[in-house]
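Got a predicted model here, sequence first, then my questions.
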Amino acid sequence: MPKSADRGRRTREQLLDAAAQLVGEVGWGAVTTRLVAERAGVNAALVHYHFSSVPDLLSTAALQFAEQLLTESADALRAQEPAEGIERMLEELSRYTGTDAQSLLLSEALLASHRLPELRGRLAALIADFRSRVAEWLRSADVKDADAIALLLGAAFDGLVLHRALDESVDFRAVAGPLRRLVSG
């Protein structure tokens, strides 16, 4: 790869990282070209060279993070039996407080998706793919109603992080037993 292409790729990644951080700090609507460029340590013109607009940059950052998170989560489940998979997911979720930068990025993206149809469609596709992969994992373990349980698990995991954002005393371990029973077939 030519040096200029490699440099362009690095600049694009710096912009995406800066945008993701800033959403968590100042909110989706307060992120500007200038703020992103300053955080990334690049000229502001490069923001619009790599992205058509700030919402495009923010959407790309949020989608990239969501895709990585959901893919890694679904892949990690495949190597586990359902009960152990529940434990693993709750352990992974424990790093999200609901007020950390990643949780805020996803929350802000969800809110923005109501105004940005393309973002909404792409987030919906990522979530549908995750549910499908979880349902496939459950079916491979002979869990009945795999599609419905995959939907419930996704909603429960999201809801747990939302509850923790409002009440830091929420302990994910408290729901481990009921969730394990849900997937015990």
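Here it is on my side, so go on.

residue ranges of the helices in this protein, please?
In the chain, the helices defined using DSSP state H lie at 3-26, 33-40, 45-50, 54-78, 82-93, 101-113, 117-140, 146-166, 176-182.

a markdown table for the ones you listed, including mean pLDDT and mean neighbour count?
No exception for glycine: its C-beta is placed from N, CA and C like everyone else's. Listed next are those as a markdown table, based on pLDDT from 0 to 100; neighbours: other Cβ atoms under 10 Å:
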| stretch | mean pLDDT | mean neighbour count |
| --- | --- | --- |
| helix 3-26 | 92 | 16 |
| helix 33-40 | 97 | 18 |
| helix 45-50 | 95 | 16 |
| helix 54-78 | 94 | 18 |
| helix 82-93 | 92 | 18 |
| helix 101-113 | 95 | 19 |
| helix 117-140 | 97 | 17 |
| helix 146-166 | 94 | 17 |
| helix 176-182 | 94 | 15 |
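
Which neighbouring residues are in contact with the most centrally placed residue in the chain, exactly?
Centroid-nearest residue in the chain: residue 66, 2.9 Å away (criterion: Cα atoms, centre = their mean). Residues near residue 66 by Cβ atoms under 8 Å, 6 or more residues apart in numbering: 106, 109, 123, 126.

Wait, residue 61 touches residue 14, no?
No. At 11.3 Å, residue 61 and residue 14 do not qualify as touching, with contact defined as Cβ atoms under 8 Å.

circling back to that earlier point, roughly how far apart are the residue nearest to the centre of the chain and residue 169?
27 Å (Cβ to Cβ, to the nearest Å).

Could you do residue 16 as well?
Per Cβ to Cβ, residue 16 is found 34 Å from residue 169.

swap in residue 150?
28 Å.

next one: residue 131
29 Å.

now swap in residue 121 and tell me
36 Å.

Next: residue 13.
From residue 13 to residue 169 the distance is 37 Å (Cβ to Cβ).

OK, contacts around the residue lying closest to residue 108 once chain neighbours are set aside?
Nearest non-adjacent residue to residue 108, counting by Cβ to Cβ, 6 or more residues apart in numbering: residue 28, 4.1 Å away. With contact taken as Cβ under 8 Å, 6+ apart, residue 28 is in contact with 58, 108, 109, 111, 112.

now swap in residue 63 and tell me
Here residue 63 is in contact with 109, 119, 122, 123, 126 (Cβ under 8 Å, 6+ apart).

Would you reformat these as CSV and include distance to residue 47?
Output for the contacts of residue 63, formatted as CSV (distance: Cβ to Cβ, whole Å):
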residue, distance to residue 47
109, 18
119, 18
122, 21
123, 22
126, 24
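
From the residues you listed, pick the one nearest residue 142.
Here the nearest of those to residue 142, counting by Cβ to Cβ, is residue 126; it sits at 26.9 Å.

Might you report the residue contacts of residue 46?
11, 15, 37, 40.

Pick out whichever of these sits closest to residue 92.
Residue 92 has its nearest neighbour among these in residue 15, at 27.1 Å by Cβ to Cβ.
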